[in-house]
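Q: A structural model of the following input is requested.
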Amino acid sequence: MARNRRTQSAEVRFGPALKALLICLLIGGAAVGYVCQKNQLNELGRQKKQREMQLEELRLRNAQRAKQLAELLSPLNLERRAGELNLGLGLPRPAQVIVVTDSPSSPPRAATAPQLVQHAVPNDRNP
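A: Next up, the predicted model:
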């Protein structure tokens with residue numbers, strides 16, 4: 001016996017159309033998600049490149065400042081600056097120099113000749 005469309009239920013008639021609609025929605029959603037992910041990857045790549053350029057600029061400025069600090073702390077520069085500012089600084093007399101040794105048993109003694117004393121500068125950049 002031939003089936004009549006009027007006797008078929010609505011579920012049977014709209015089932016294939018509903019499946020096609022769901023498949024189209026699934027494919028469309030996947031395509032929109034793909035485009036959003038690609039846009040986000042492009043944006044993150046641009047931010048990464050910008051930050052790398054900023055980091056390189058900061059490294060360059062840090063190297064320039066380290067060079068400037070080394071120049072300012074050099075004994076020759078300090079001596080020249082003291083002369084420019086007329087601070088009245090000069091080499092100490094031998095009686096003013098005290099040599100400190102590492103062994104605790106020997107007492108400090110006065111130096112016999114004028115010596116240049118270099119002070120260690122703490123390096124805060126190295127942990």
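Q: which ones are touching Asn42?
A: If you count contacts by Cβ atoms under 8 Å, 6 or more residues apart in numbering, Asn42 has none. From N, CA and C alone the C-beta is placed, and that goes for glycine too.
Q: can you check which helix is longest in the chain?
A: The helix spanning the most residues in the chain, taking DSSP state H as the definition, is helix 10-73.
Q: quick one: it to chain centroid distance?
A: Here helix 10-73 is found 21 Å from its chain centre; the criterion is Cα atoms, centre = their mean, to the nearest Å.
Q: what is the rounded mean pLDDT of that helix?
A: Averaged across helix 10-73, pLDDT comes to 94.
Q: the following helix or strand past that helix versus helix 10-73: what angle between them?
A: Of the helices and strands lying after helix 10-73 in sequence (DSSP states H and E), the nearest is helix 75-84. Helix 75-84 runs at 60 degrees relative to helix 10-73, counting by axes from the mean of the first three to the mean of the last three Cα atoms, to 10 degrees.
Q: against which helices or strands is helix 75-84 packed?
A: Contact partners of helix 75-84 among helices and strands, from 3 or more Cβ pairs under 8 Å, 6 or more residues apart in numbering; DSSP states H and E: none.
Q: middle-most residue in this protein, spatially?
A: Closest residue to the average C-alpha location of the chain: Leu55 at 6.0 Å, with Cα atoms, centre = their mean.
Q: and the gap between that one and Leu76?
A: Separation of Leu55 from Leu76 (Cβ to Cβ, to the nearest Å) stands at 34 Å.
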